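[1] Next come a sequence and a model predicted from it.
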Amino acid sequence: MNDAVWTFLEDFNVITGDLMFVVAVFGFLSRERIRRWITRNRFPTEPGLLDINIKWETIIFTVSNAEVPIWVIDQLQPAHIGLIATLESEPNAQIIRDHAVKKGIQHSTRTIPSADDLASARSAARYLLEELPHADLATIAVDVTGGKVPMSLGAFMAAEEAGANSLYVSSKFDPALKKPDMRTATIISISKQQ
């Protein structure tokens, strides 16, 4: 081989080594993002009932009524709750906060301008996911039961991006009382952190 080939191979080796070093540094600095991508949420083929024996540190709720979040709080006993409310649902958020105070649960609320504002709901959920304490993502969940569809979708998107669990409360509606019949309620795991 002539000198030009050896020079090319040597230069190629140096460039490859430098590139591998840059990739290694990037991988080290972005290791949490890479880990979340690899261990991203898995959707069950059939929604499963939630194991209520898990110790949930933090649950974030989209708020429309007070009955469902209060029932979930009583079932799962979280240490912290986050509420995503609108100006219309703020009175119900206050009822939930009062219930949390009676149980010794810390709370935080983000108010969004409209239940139809998906971006605001997503931003509020993202803020609460970062603000509220939790040891790891397996102990935090976003309950997307309340609110209008855009509000729930925004909260769900933030949960997925953060790698948090997503919950939904299924119950029959009592037409006489015009509210959910919590005697028929079950908590369903929509997506679960693996």
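    All right, it came through fine.

[2] Could I get the full set of strands for the protein?
    48-49, 58-62, 80-86, 106-112, 140-143, 165-174, 179-191 (DSSP state E).

[3] In the chain, where's the longest helix?
    Counting residues, the longest helix found in the chain (DSSP state H) is helix 3-29.

[4] Residue ranges in the chain under the pLDDT threshold?
    1, 35-53, 134-137, 193-194 (pLDDT under 70).

[5] Name the nearest residue to the spatially most central residue of the chain, ignoring sequence neighbours.
    Among the residues of the chain, the one closest to the centroid is residue 159, at 2.5 Å (C-alpha atoms, centre = their mean). Nearest non-adjacent residue to residue 159, counting by C-beta to C-beta, 6 or more residues apart in numbering: residue 142, 4.0 Å away. Where C-beta positions appear, they are placed from N, C-alpha and C, glycine not excepted.

[6] For that neighbour, give the beta-bridge partners.
    Residues in a beta bridge with residue 142, per DSSP bridges, are residue 60, residue 166.

[7] For burial, what's the neighbour tally of it?
    Counted with other C-beta atoms under 10 Å, the neighbours of residue 142 add up to 29.

[8] ok, now residue 64?
    Other residues within reach of residue 64, judged by other C-beta under 10 Å, total 21.

[9] Ok, the one 10 residues further on next?
    Each residue near residue 74 was counted by other C-beta under 10 Å, and the total is 11.
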